[in-house]
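Enquirer: I would like the atomic coordinates for the input below:
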Amino acid sequence: TAGSFTVVISSEAGGTMIHEAVGHGLEADLVNQGLSVYRGKIGEKVASELVSVIDDGTLSGKNGSFHFDDEGVPAQRKVLIENGILKGYMYDRLTAMKEGRQSTGNGRRDGYKNIPIVRMTNTYIDAGKDNPSDIIKDTKDGIYVVKMGGGQVNTVNGDFVFEIMEGYRIENGEITYPIKGATLIGNGPQALMDIDAVGYDLGWAIGTCGKDGQRAPVSDAQPTVRIKKLTLGGVI
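Expert: Below is the predicted model of the structure:
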């Protein structure tokens, strides 16, 4: 069954895809180093108008929340993408100074022996207006992803590969049989452009994000979303 499919990603999958495929590309250090596909695109349409992406370190009780970052800057709510338009990046003090900006409270470090670097906090695609079950009913032929496994992303061009831990076929609006051993292959910016339905549910996942040898506690979330076309690999 390998090939191109419409893919519905359940809110149960958490925001692994948004964290990996988009989030890292909006960290200002990667942008400054020319390692982000989003470099030089502020004010441009980078996603479907149904999509807003937010990084919010102020949310109560979330894994990536805090009062102050590791450089003493208060936690903030940043709208990174609003209705498909790229609004800004995440900064620590150093990257902000380089651009004559203010830190967005994203300077975090693993411990006192490490230098602070730009890190996400709680990052999510904001909830939309669609009924999640209607999204499935409106999908003639597709894949329903309930749980994602590990993934890899190239921040320079946004290409990603994710394991599907739990997934099913959608046939004529019905969830039919389970699929095993599959991977989702796509491009983050293209996938964001191809989102044509966004549910009103929002499902959170917690994790530890590794970057430059440092680890940081984070949360990520997404509602049920439908992506017009992604490649399914590895299914026999």
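
Enquirer: Just the residues contacting the lowest-mean-pLDDT helix or strand in the chain, thanks.
Expert: Within the chain, no helix or strand scores below helix 16-17, which has a mean of 82 by mean pLDDT, DSSP states H and E. For helix 16-17, contacts defined as Cβ atoms under 8 Å, 6 or more residues apart in numbering pick out 9, 148, 151, 160, 162, 188, 191, 205, 207, 220, 222. The way it works is simple: take the backbone N, C-alpha and C, and place the C-beta from them, glycine included.

Enquirer: Off-centre distance for it?
Expert: Put simply, helix 16-17 sits 5 Å off its chain's centre (Cα atoms, centre = their mean, to the nearest Å).

Enquirer: one step back: now the contacts of helix 16-17 as TSV including distance to Glu27?
Expert: TSV is the format used below for those (distance: Cβ to Cβ, whole Å):
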residue	distance to Glu27
Ile9	23
Met148	21
Gly151	17
Phe160	16
Phe162	20
Gly188	13
Ala191	19
Ala205	19
Gly207	16
Asp220	14
Gln222	19
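
Enquirer: can you tell me which two in those residues are farthest apart?
Expert: Farthest pair in those (Cβ to Cβ) is Ala191 and Gly207. Separation: 19.7 Å.

Enquirer: Any stretches of the chain with poor pLDDT?
Expert: For the chain, applying pLDDT under 70 flags the ranges 1, 235-236.

Enquirer: let's see 80
Expert: 1-2, 234-236 (pLDDT under 80).

Enquirer: following whichever strand or helix holds Tyr124, which helix or strand shows up next?
Expert: Using DSSP states H and E, the element containing Tyr124 is strand 122-125. Using DSSP H and E, the helix or strand that follows strand 122-125 in sequence is helix 132-137.

Enquirer: so what does whatever helix or strand comes next after that next one touch, helix or strand wise?
Expert: Using DSSP H and E, the next helix or strand after helix 132-137 towards the C-terminus is strand 141-153. The criterion is 3 or more Cβ pairs under 8 Å, 6 or more residues apart in numbering; DSSP states H and E, and the helices and strands that strand 141-153 contacts are strand 3-9, helix 16-17, strand 159-171, strand 225-233.

Enquirer: Identify, out of the ones you listed, the most deeply packed stretch.
Expert: helix 16-17 (a mean of 24; mean count of other Cβ atoms under 10 Å).

Enquirer: isn't Val31 right up against Arg39?
Expert: Yes: assessed by Cβ atoms under 8 Å, Val31 is found in contact with Arg39 at 5.0 Å.

Enquirer: For my notes, confirm Arg215 occurs in a helix.
Expert: No: per DSSP: H, G, I helix; E, B strand; the rest coil, Arg215 lies outside any helix segment and is strand.

Enquirer: still on that earlier bit, looking at neighbours, which among the contacts of helix 16-17 is most surrounded?
Expert: Neighbours here mean other Cβ atoms under 10 Å. Within the contacts of helix 16-17, the largest count is held by Ile9, at 33 neighbours.

Enquirer: Bridge partners for that one, pull those for me.
Expert: Following DSSP bridges, Ile9 is listed with bridge partners Val145, Val225.

Enquirer: so who does it touch?
Expert: Neighbour list for Ile9: 17, 145, 148, 222, 224-227 [criterion: Cβ under 8 Å, 6+ apart].

Enquirer: That one and Val51, how far apart?
Expert: Relative to Val51, Ile9 is positioned 13 Å away (Cβ to Cβ, to the nearest Å).
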